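Visitor: have a look; sequence and predicted model below, questions after that.
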Amino acid sequence: MPTYEFICEKCKKPFILILSIMEHAKGKFQCPKCENGEVKQQISSFQTKTSKKS
């Protein structure tokens, strides 16, 4: 599942959520610290995992 990075607009605490694409599409996220619903998604890097066959 994809990992999304957010920052709370109220307490300014960054946090990470692991969400399915359907959960992310719903758009109902809360800060785990202050439970505020006003959060902003951050641009983050990503990584992929591939298998190498010789």
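Guide: Sure, I can see it.
Visitor: got the contact list for the helix or strand of the chain with the lowest mean pLDDT?
Guide: Lowest by mean pLDDT, DSSP states H and E among the helices and strands of the chain is helix 21-26, with a mean of 91. Helix 21-26 is touched from outside by Pro2, Tyr4, with contacts defined as Cβ atoms under 8 Å, 6 or more residues apart in numbering. In short, each C-beta sits where N, CA and C put it, glycine included.
Visitor: any idea which helix or strand comes after it?
Guide: Proceeding N to C from helix 21-26, the next assigned helix or strand is strand 39-41, under DSSP states H and E.
Visitor: just checking, what packs against that following strand?
Guide: Other helices and strands packing on strand 39-41, by 3 or more Cβ pairs under 8 Å, 6 or more residues apart in numbering; DSSP states H and E, are strand 3-8.
Visitor: which helices and strands does the strand it packs on pack with?
Guide: Helices and strands touching strand 3-8, by 3+ Cβ pairs under 8 Å, 6+ apart, are strand 14-18, strand 39-41.
Visitor: make CSV from those and add mean pLDDT, mean neighbour count and distance to Ile7 to it.
Guide: CSV is the format used below for those (pLDDT from 0 to 100; neighbours: other Cβ atoms under 10 Å; distance: least, Cβ to Cβ, whole Å):
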stretch, mean pLDDT, mean neighbour count, distance to Ile7
strand 14-18, 93, 13, 5
strand 39-41, 94, 14, 5
